[in-house]
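# no FASTA, just this:
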């Protein structure tokens, strides 16, 4: 009984380390711009490069997860992530840093899918929403830790000093993964699986593609707020980067609780996507209000930014669980890797395109466009999952 909760906590810790590496660059953007003398759009491009590495490699990682198991995959991923983060100290200029950030994303991607598959094996369907909600709470917790530490480190010691946060986390979690990241005895994930034993592909049905599509659409508002909230507070409201980081860190705590609550809600409702529909619609309203907030009411804009951050981060656990349950355990590793790959399209392109939009029309335009993607997700959402 207690072992499954230990495995869940380990999956959370491993994902915090991985997410800090993948998305922590956003919390060092002001220092990154100053260090390299680049525009906000160029800095946003650098912030999206780990997601590009993620996108290029995740489907291959999914096969590794299903064939060789979660512990092997997570161990290799965390080891390579720490190695590539260490290489940042040896490169100069934005081009060199960008190349290494692509490698960081390529190495760090499978922890999310492998940890999710591990938790799926330890918890029954009636508790899975809760368990996956706890595990997906790693994202706001990881972002909160990064937001609390990385802006101050970047401001005082430079960009590489900030990236020591995910490096240290990866090294700290690695031995725990080696010791404890094992599936339950009855789970099929411990041994390699031959191609002949794998059931027919769930990708012959439309339902799983629609869930992937919803997740991609909701990734746009999520990564718009994640990437540019700190810069918005600094440039449009005159906040210090460290103070803005602390605010975004504080938002992550209710964000983690919201994912947990959404998981429990989905268990009791018997549907994963019903709650997602409500969350997406609420996020659209919040982002529209943020885009329309007048400069004369800066306090209202800050509150709406925090609410928007909370809502746009709350759907991940539910869509992730919906994809895995639709695919079935034999395909769960690949399905969750595909989910992460398609989300990586959003997390790669959103910082680049929204950065260009912000440079052209300002932050309100970007928040308004992000709201439209929430609406599109509500329209695209299947009703049976």
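Nice, I can see it. None of the values given here were measured: they were computed from a predicted structure.
# hey, let's count contacts and neighbours off CA atoms from now on
Will do.
# Identify all contacting residues around the helix or strand of the chain with the lowest mean pLDDT.
Across the helices and strands of the chain, mean pLDDT, DSSP states H and E gives its lowest value to helix 125-136, namely a mean of 74. Helix 125-136 has contacts (C-alpha atoms under 8 Å, 6 or more residues apart in numbering) with 8-9, 11-12, 116, 119-120, 123, 256, 259-264, 266-267, 272, 316-318, 321.
# What residues sit buried inside that helix?
127-136 (16 or more other C-alpha atoms under 10 Å).
# Format those as CSV; extra columns: distance to residue 290.
Formatted as CSV, these follow (distance: C-alpha to C-alpha, whole Å):
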residue, distance to residue 290
127, 36
128, 34
129, 30
130, 31
131, 32
132, 30
133, 27
134, 29
135, 29
136, 26
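# isn't residue 211 right next to residue 379, touching?
No. Counting by C-alpha atoms under 8 Å, residue 211 stays clear of residue 379, with 11.8 Å between them.
# Let's test this: what are the backbone torsions at residue 91?
phi -110, psi 160 (degrees, to the nearest 10).
# Quick check: it vs residue 171, distance?
Noted for residue 91: a distance of 21 Å to residue 171, by C-alpha to C-alpha, to the nearest Å.
# what's the answer for residue 259, then?
According to C-alpha to C-alpha, residue 259 and residue 171 sit 27 Å apart.
# between the two, who's got more neighbours?
The residue with more neighbours, out of residue 259 and residue 171, is residue 259; 30 against 16, by other C-alpha atoms under 10 Å.
# element containing the more buried one?
Take DSSP states H and E as the rule and residue 259 turns out to sit in helix 241-269.
# Okay, buried residues for that helix please.
The neighbour-count check on helix 241-269 (16+ other C-alpha under 10 Å) flags 241-267 as buried.
# next one: stretch 201-221
Neighbour-count burial for stretch 201-221 flags 202, 207-221 (criterion: 16+ other C-alpha under 10 Å).
# same thing with stretch 100-109?
Across stretch 100-109, burial judged by 16+ other C-alpha under 10 Å covers 100-109.
# pLDDT on it, on average?
The pLDDT scores in stretch 100-109 average 91.
# Quick one: residues in contact with it.
18-19, 21-22, 46, 49-58, 61, 77-78, 80-81, 84-85, 87-88, 340.
# Now go through the residues you listed and say which are in helices.
Among the contacts of stretch 100-109, the members found in helices (DSSP state H) are 18-19, 21-22, 46, 49-58, 61, 77-78, 80-81, 84-85, 87, 340.
# Give me the below-cutoff pLDDT ranges for this protein.
1, 125, 185-199, 329-330, 332-333, 384-385 (pLDDT under 70).
# Could you list the residues in contact with stretch 25-40?
Contacts of stretch 25-40 (C-alpha under 8 Å, 6+ apart): 43-44, 46-47, 93-94, 146-147, 150-151, 154-155, 158-159, 162-163, 226-228, 230-231, 241, 245, 355, 359.
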